[in-house]
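# this one's sequence-less:
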């Protein structure tokens, strides 16, 4: 493609974009775990992954990735509210596989493991977070995370 070529979509044409459908479904699914789970399944990776398409492409890619991660975080919360901790754990692990720096997701996973009586797993998650923060950002966890780990170590309710 030459640098000055442009593509245009005829507004009268019956065209849809999966990214737009994904965003529309996420918005419509707020508070509904079943619909939200279907919506997050629509996300199959980065927009035009591997295709050099310009700065707009990178911005849109990042926007969709954030929207997907936020939807996963919401879905995990809905599962926790519905007392479905195993489903919440699976969603949180999926979220962290895509964004290992989401400290809120690490905390949610620590809390879920602790409430399931899996204190060792909760503290392993904390250790994993410490390593990720150190490796990626040379940073310490948030105070809330440190305090949560201390409460889990002391076997206090979380």
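Received the coordinates, thanks. Worth saying up front: this structure is predicted, and the values here are computed from it rather than measured.
# counting contacts, what elements does the helix ranked longest in the chain pack onto?
Longest helix in the chain by number of residues, with DSSP state H as the criterion: helix 55-81. Here helix 55-81 is seen to pack against helix 18-28, helix 33-42, helix 85-98, helix 103-115 when contacts are counted using 3 or more CB pairs under 8 Å, 6 or more residues apart in numbering; DSSP states H and E. C-beta: built from backbone N, CA, C; applies to glycine.
# so for residue 74, which of those helices sits nearest?
Among the helices and strands packed on helix 55-81, helix 33-42 comes nearest to residue 74, with 6.4 Å by CB to CB.
# ok so, going back, most tightly surrounded among the helices and strands packed on helix 55-81?
A comparison of the helices and strands packed on helix 55-81 by mean neighbour count, using mean count of other CB atoms under 10 Å, puts helix 103-115 on top with a mean of 21.
# and this structure, what are its domains?
For the chain, whose domains are defined here by automatic domain parsing, the residue ranges read 16-84, 100-158.
# JSON lines for those domains, including distance to residue 90 and mean pLDDT?
Converted to JSON lines, the domains of the chain look like this (distance: least, CB to CB, whole Å; pLDDT from 0 to 100):
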{"stretch": "domain 16-84", "distance to residue 90": "8", "mean pLDDT": "86"}
{"stretch": "domain 100-158", "distance to residue 90": "10", "mean pLDDT": "97"}
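# need those domains in a markdown table with distance to residue 10, can you?
Supplementary listing: the domains of the chain in a markdown table, determined by distance: least, CB to CB, whole Å:
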| stretch | distance to residue 10 |
| --- | --- |
| domain 16-84 | 13 |
| domain 100-158 | 40 |
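# out of those, flag the one nearest residue 94.
In terms of CB to CB, the element of the domains of the chain nearest to residue 94 is domain 16-84, at 6.1 Å.
# give the contact list for residue 76.
The contact partners of residue 76, by CB atoms under 8 Å, 6 or more residues apart in numbering, come to 88, 91, 92, 95, 105, 108.
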